[in-house]
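Student: Show me the folded form of this:
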Amino acid sequence: MREPSSSASETAGTLTDAPKKAQRPAAAVFIVATVLIDALAFALIIPVLPTLLMELTGGGVADAALWGGLATFLFAVMQFFFSPVLGGLSDRFGRRPVLLLSLGALAIDFVLMGLAHALIVFFAARLVSGIFAATHSTANAYIADVTPPAQRSARFGWLGAAMGVGFILGPALGGLLGELTPRAPFFAAALLAGANAVYGWFVVPESLAADKRRPFSLARSNVFGTLLRLRKAEGLGVMVWVYFLSHLSGFVYPAVWAYVAIAKFDWSEAQIGASLAYFGVLFALCQMVVVPVLMPRIGERRAIWIAMAVEAAALAGIAFAPNGAVLYAWLLTALVTGMEGPALQKIMTERVGEDAQGELQGGLSALGGVILIISPLLYTQLFFLFQRGVAGVVFPGAPFLAASALCLVALALFLGRTKRTHAP
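Tutor: Numbering: from 1, shown residues only. Have a look, this model is predicted:
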């Protein structure tokens, strides 16, 4: 590779200069917006994906689910592998160029998805989107660079809140725009990503000084090593399986909600988006109100088994719901089921040493990536089979019934482990 010219070097320097005013508010706004767009990239297209895929394939909702599951699988695989890679590249070249490149690529990619008139173009665009939507690790690193240790938990909380807002606003916005055309949400996402990239280019400084950078290493970016370390971690044991199965059951919502709503109730994009936003608001209320108020009174273990039992019942109820009103009633259980995640996290953190907390969180993050890969294939293929009919039985709610069974297995494992732990 030839050496860059002086002008090119100056341009690169503009991207990777050592931090100057990294703590100014513009940087925090940019990072939060980047994480928000990451979430929107995943959530925005959920309400319109079935309609767009039916248009591209010329088939019905069962065929759309089949291809949609494969597209989401590709997106998740790319995100799983490239999240640590982008994080490693940001350690080598700085946070700013990686984030700006990702946002620019996402803007172009969303335009391509909006213009796609062939499945192969759509699949290629989703693959690229998965690569460049994996910026959460770089955003976390930027916050760590510019924030004193005592304030980092609060700043990381901002990023978590941005993810939550993205998953609430994304389906609602996608559903409303989808009423115009199923392609409109993609152009809206492109506009958001492009605007944030321009904003970042002009006002956001680099956060990582040149003397603190390190060479890029693929070995250090290996997610499988993180998963293996989680499996071998002392004190966790069956809790890892409880975490895996309970979260896998919960991922039925983003995987097939839109397809099931169309098949069972013939809902529009706006109705699908509104229902997902409703669920997201209830879940957020549980995190903000129910968890801090109720969990200290009943304890983490009781919170987990109550939440899992309610979740298993709700998933089965959704599977058999005869109309939208009953479906909305079952969604109210999110006010309780949202306790499960924080309670599980707390118990698991108590079972590893202080020097292994980072490794635990990295392992759980990698495990979440595996769940994101498995869930679309599992649930969309179940929907495809039962929507077409299995032994003469047409049952579009089958994925939710399967998720209920997974949740019951997780509950049985947790109760069995608790009984052994408290046995005399």
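Student: ok so residue 42 is a helix residue?
Tutor: Yes. Applying DSSP: H, G, I helix; E, B strand; the rest coil, one finds residue 42 inside a helix.
Student: Name all residues that make contact with it.
Tutor: Each residue near residue 42 by CB atoms under 8 Å, 6 or more residues apart in numbering is listed here: 75, 133, 166, 167, 170, 254. All C-beta spots, glycine's among them, are computed from the backbone N, C-alpha and C.
Student: What separation do you get for it and residue 142?
Tutor: 20 Å (CB to CB, to the nearest Å).
Student: Then residue 397?
Tutor: From residue 397 to residue 142 the distance is 43 Å (CB to CB).
Student: gap between stretch 372-389 and the chain center?
Tutor: Offset of stretch 372-389 from its chain centre (CA atoms, centre = their mean, to the nearest Å): 19 Å.
Student: So which of the contacts of residue 42 is surrounded by the most neighbours?
Tutor: Compared across the contacts of residue 42, residue 170 has the highest neighbour count, 28 neighbours, by other CB atoms under 10 Å.
Student: which residue packs closest to that residue, ignoring adjacent ones?
Tutor: Among residues not flanking residue 170 along the chain, residue 43 sits closest, at 2.7 Å (CB to CB, 6 or more residues apart in numbering).
Student: give me the number of residues near that neighbour?
Tutor: As a burial measure, residue 43 scores 26 neighbours (other CB under 10 Å).
Student: Quick check: it touching residue 166?
Tutor: Yes. At 6.0 Å, residue 43 and residue 166 qualify as touching, with contact defined as CB atoms under 8 Å.
Student: now what about the helix or strand residue 315 falls within, what contacts it?
Tutor: According to DSSP states H and E, residue 315 maps onto helix 300-320. Residues from elsewhere that reach helix 300-320 (CB under 8 Å, 6+ apart): 246, 249-250, 252, 294-295, 298, 326-327, 330-331, 333, 336-340, 343-344, 346-347, 395, 397-401, 403-404, 407-408, 410-411, 414-415, 418.
Student: Quick check: what element follows it along the chain?
Tutor: Immediately after helix 300-320, counting by DSSP H and E, sits helix 324-331.
Student: ok, and what's touching that following helix?
Tutor: With contact meaning CB under 8 Å, 6+ apart, helix 324-331 is reached by 265, 267, 271, 275, 278, 279, 282, 314, 317, 318, 321.
Student: The second one reaches residue 261, doesn't it?
Tutor: Yes. Under the contact definition of CB under 8 Å, residue 267 touches residue 261, with a separation of 4.3 Å.
Student: where does the stretch 201-350 of the chain dip in pLDDT?
Tutor: 207-209, 211-236 (pLDDT under 70).
Student: all helices of the stretch 51-200 of the chain, in order?
Tutor: Ranges of helices in the stretch 51-200 of the chain, per DSSP state H, counting those that start in this stretch, are 61-93, 95-115, 119-132, 136-146, 152-178, 184-203.
Student: elements contacting the third one?
Tutor: Yep, that's helix 119-132 we're talking about. Other helices and strands packing on helix 119-132, by 3 or more CB pairs under 8 Å, 6 or more residues apart in numbering; DSSP states H and E, are helix 49-57, helix 61-93, helix 95-115.
Student: Pipe these into a markdown table and attach distance to residue 181 per row.
Tutor: Listed next are the helices and strands packed on helix 119-132 as a markdown table, based on distance: least, CB to CB, whole Å:
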| stretch | distance to residue 181 |
| --- | --- |
| helix 49-57 | 9 |
| helix 61-93 | 16 |
| helix 95-115 | 9 |
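Student: all helices of the stretch 201-350 of the chain, in order?
Tutor: 223-232, 239-250, 252-265, 269-285, 291-298, 300-320, 324-331, 334-337, 340-350.
Student: you'd agree residue 321 is up against residue 397?
Tutor: Yes. Counting by CB under 8 Å, residue 321 does reach residue 397; the two are 7.4 Å apart.
Student: before we move on, back to that, considering the helices and strands packed on helix 119-132, which stretch scores lowest in mean pLDDT?
Tutor: Within these, confidence is poorest for helix 61-93, with a mean of 83 (mean pLDDT).
Student: Which strands or helices does that one pack on?
Tutor: On a contact count with 3+ CB pairs under 8 Å, 6+ apart, helix 61-93 meets helix 49-57, helix 95-115, helix 119-132, helix 136-146, helix 223-232, helix 252-265, helix 357-388.
Student: Indicate which one of these is closest to residue 204.
Tutor: When those are compared by CB to CB, helix 95-115 sits nearest residue 204, at 6.4 Å.
Student: for that closest one, which positions count as buried?
Tutor: 95-107, 109-114 (16 or more other CB atoms under 10 Å).
Student: Can you report phi and psi for residue 390?
Tutor: Backbone torsions of residue 390, given as degrees, to the nearest 10, read phi -120, psi 120.
Student: and the gap between it and residue 148?
Tutor: From residue 390 across to residue 148, the span is 58 Å (CB to CB).
Student: These two: which is more packed in?
Tutor: The neighbour comparison of residue 390 against residue 148 (other CB under 10 Å) goes to residue 390, with 12 against 8.
Student: Now for the nearest residue to residue 29 once chain neighbours are set aside, how many residues are close by?
Tutor: Excluding the flanking residues, the one nearest residue 29 by CB to CB, 6+ apart is residue 199, at 8.0 Å. The number of residues packed near residue 199 is 15, by other CB under 10 Å.
Student: So residue 199 versus residue 189, what's the distance?
Tutor: 16 Å.
Student: now the contacts of helix 324-331: which count as buried?
Tutor: Among the contacts of helix 324-331, those buried by neighbour count (16+ other CB under 10 Å) are 265, 267, 271, 275, 278, 279, 282, 314, 317, 318, 321.
Student: just checking, the third one touches residue 262?
Tutor: No. Here residue 271 lies out of contact with residue 262, judged by CB under 8 Å, at a distance of 9.5 Å.
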